[in-house]
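>>> no sequence for this one, just the structure:
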């Protein structure tokens, strides 16, 4: 079973040289820490940055320079600042190659829910609906089951949707799965996790073909 | 044309209860601190506010929420404000949550004189309820788009880094965010700036918002510029 950092590490292997990548809040943010050496990517933050750098050194924080999670960040050489309309313009026009975001639920058809639990929690969708409606390639980083032990990979989402038929790949503490027209296709399992464990934790249709290799993380 | 007013009170002299206001900023970054403080001080209520976020409990638009001056909030993300979540879940305040890109583009449309735009954000979700859906081909792919209207607001409150007496504005870093689109969209646009300079000081090639969009500009004071999530690394 993987911890949050290991999930981020595994996802970092999906990032290819030359990509423009948008990272959501939570586990996706951690992906930036594990991008392999020699791979150059440009991070987009939807509040208006291309070329976002790491957190600033202590004492060098700038209140005017934050990421979409409202955290203080820095700019790398070659970076650019723009307004929110242009930021979502480049997202809608599919200039951003890869979007990585968290989710509360994903369905076997690739629907995603991540912004509201009716009567309990309403934080809002932020930029997630725009991102999932337009991105060419979307990877979800999340826990396989919720705190109550219920599967988050479902036949149909039960929570209000963020987007429909848009998720391509899901990486959890247990497995890497692709969303296919037939359902969730199991690609890799986490070290020490069996196919049986993954079957038990997946409520949506799971396709297992042949031997399922263990994930390579480092 | 000289757009300078003496202070925030003169800038907001005709503001009244029940107005619809656009308020610039992303989180607490680039918010019009002086204008918000003045709205609290003047006790203007029944406001509809269009802003990406709702501040935090004790700063930004959170100050107006505390005093129950906001009747309706139109925003994309309100997770930073516990009081907001409470007012919304109990139904004490009307709330419309919309996708962030839709929010930005509805402001832009208003400033560009376009009554509506089409976006794929929210198709198949509750955001699409009651909206016209049209099918278009874009980049070789046919899919559904929602029609979203340009915002119709009474005034826009924006914050810039530097501005000149003509109302031309320059923003600094990610404090730019929603400010340029909202500045363009206001029937009355009020700009508060950290530094007000004489016309001719700013490089015309580097101006973000042309002064034609700005009706009143004033030198702001006592900027707190609070940081919401102070994240650092060790040297």
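Cool, the structure landed. All values reported here derive from a predicted model rather than from experimental measurement.
>>> now the helix or strand in which residue B:148 is found: mean pLDDT?
Secondary structure from DSSP states H and E places residue B:148 in strand B:141-149. What strand B:141-149 shows for mean pLDDT is 96.
>>> now it: buried residues?
The neighbour-count check on strand B:141-149 (16 or more other C-beta atoms under 10 Å in any protein chain shown) flags B:145, B:146, B:148 as buried. Where you see a C-beta, it was placed from the backbone N, CA and C, and this is true even at glycine.
>>> for stretch A:128-147, same thing?
For stretch A:128-147, using 16+ other C-beta under 10 Å, the buried residues are A:128-135, A:138-145.
>>> which two in the residues you listed are spaced the farthest apart?
Pairwise distances across the buried residues of stretch A:128-147 peak at 29.4 Å for A:134 and A:145 (criterion: C-beta to C-beta).
>>> what's the span of stretch B:170-189, first residue to last?
Start to finish, the residues bounding stretch B:170-189 are 15 Å apart (C-alpha to C-alpha, to the nearest Å).
>>> which SSE is the closest residue to residue B:35 other than its chain neighbours in?
Closest residue to residue B:35 apart from its sequence neighbours, by C-beta to C-beta, 6 or more residues apart in numbering or on different chains: residue B:157 at 4.3 Å. For residue B:157, the host element (DSSP H and E) is strand B:155-164.
>>> check which helices and strands that strand sits against.
In terms of contacts (3 or more C-beta pairs under 8 Å, 6 or more residues apart in numbering or on different chains; DSSP states H and E), strand B:155-164 is packed against strand B:20-23, helix B:33-42, strand B:169-170, helix B:179-185, strand B:188-197.
>>> residue B:182 contacts residue B:107, correct?
Yes. Between residue B:182 and residue B:107 there is a contact under C-beta atoms under 8 Å: 5.3 Å.
>>> buried stuff in stretch A:115-126?
Quick answer for stretch A:115-126 (16+ other C-beta under 10 Å): A:115, A:116, A:122, A:123, A:124, A:125, A:126.
>>> for stretch B:219-235, same thing?
For stretch B:219-235, by 16+ other C-beta under 10 Å, it's B:219, B:220, B:226, B:227, B:228, B:229, B:231.
>>> out of the buried residues of stretch A:128-147, which sit inside helices?
A:128, A:129, A:130, A:131, A:132, A:133, A:134 (DSSP state H).
>>> out of the residues you listed, which is nearest to residue A:38?
Nearest to residue A:38 among those, with distances taken as C-beta to C-beta, is residue A:131, at 27.2 Å.
>>> so who does residue 163 touch?
Let's take chain A. Contacts here follow C-beta atoms under 8 Å, 6 or more residues apart in numbering or on different chains; on that basis residue A:163 touches A:111, A:112, A:128, A:129, A:132, A:133, B:123, B:124, B:125.
>>> I was after chain B.
B:169, B:170, B:191, B:193, B:195, B:196, B:197, B:214, B:217.
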